[in-house]
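In: how would this look folded up:
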Amino acid sequence: MKKIKFGKTLFYLFFPLLLGGIVGFFISGSMDYTNLNQPPFAPPKIIFPIAWTILYLLMGISYYLFQKNTKTENKQEAIVYYVQLFVNALWSIIFFVWKWRLFAIIWIVLLDLLVLLMIGLFYRKVKISAYLNIPYLLWILFATYLTIGIYLLN
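Out: Numbers count the residues shown, from 1 in each chain. Got it, this is the predicted structure:
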């Protein structure tokens, strides 16, 4: 087990939440979710910030535990982790700001694949880090359904 400096610990734990908050602030004036025709089972708008806060915290905890509990260099895992965070953040801009709904489908499928890859990579070294990302995977698969449904209905 590695000893991680306090500053790095805070970064690992809260970077996803900070990034999500910045993106949420950036897109807040462009949100048109309630004005769109939505597929069955689309949740009310209030669910999204609650769900994402929990998911971003789980991501941060997962990555912190991963870094803490591995002795080797984690370059591949780090690249996949940060790339999926970037793809996640950009999806909201693509969907809500630019309103490129068809491209948002392609982008979220890319995110689905990256999260699956990340979970697989984490599982090989720190299983709990993989397990903590399962709710995230389930949520973005649901978001993929919503993205496709909104594209088809609007």
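
In: Count the residues that sit near residue 103.
Out: 14 (other C-beta atoms under 10 Å). All C-beta spots, glycine's among them, are computed from the backbone N, C-alpha and C.

In: Which residue is the nearest non-sequential neighbour of the residue most central in space within the chain?
Out: Centroid-nearest residue in the chain: residue 88, 4.9 Å away (criterion: C-alpha atoms, centre = their mean). What sits nearest to residue 88 in space, not counting adjacent residues and going by C-beta to C-beta, 6 or more residues apart in numbering, is residue 111, at 5.8 Å.

In: what's next to the helix or strand in which that neighbour is found, contact-wise?
Out: Using DSSP states H and E, residue 111 sits in helix 101-125. For helix 101-125, contacts defined as C-beta atoms under 8 Å, 6 or more residues apart in numbering pick out 62, 66, 69-70, 72, 74, 76-77, 80-81, 83-84, 87-88, 90-91, 94-95, 129-130, 133-134, 136-137, 140-141, 143-144, 147-148, 150-151, 154.

In: cutoff 7 Å now
Out: By C-beta atoms under 7 Å, 6 or more residues apart in numbering, the residues outside helix 101-125 that reach it are 62, 66, 70, 76-77, 80-81, 83-84, 87-88, 90-91, 94-95, 129-130, 133, 136-137, 140-141, 143-144, 147-148, 150-151, 154.

In: Quick one: buried ones out of those residues?
Out: 62, 66, 70, 77, 80-81, 84, 87-88, 90-91, 94-95, 129-130, 133, 136-137, 140, 143-144, 147-148, 150-151 (16 or more other C-beta atoms under 10 Å).

In: How much space separates the residue nearest to residue 88 from residue 132?
Out: Computed as C-beta to C-beta, to the nearest Å, the residue 111 to residue 132 distance reads 17 Å.

In: on that earlier part again, in the helix holding residue 111, what counts as buried?
Out: In helix 101-125, counting by 16+ other C-beta under 10 Å, buried: 101, 104-105, 107-108, 111-112, 114-115, 117-119, 121-122.

In: got a markdown table for those residues, with distance to residue 45 too?
Out: Output for those, formatted as a markdown table (distance: C-beta to C-beta, whole Å):
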| residue | distance to residue 45 |
| --- | --- |
| 101 | 17 |
| 104 | 17 |
| 105 | 21 |
| 107 | 21 |
| 108 | 18 |
| 111 | 21 |
| 112 | 23 |
| 114 | 26 |
| 115 | 23 |
| 117 | 30 |
| 118 | 28 |
| 119 | 28 |
| 121 | 33 |
| 122 | 31 |
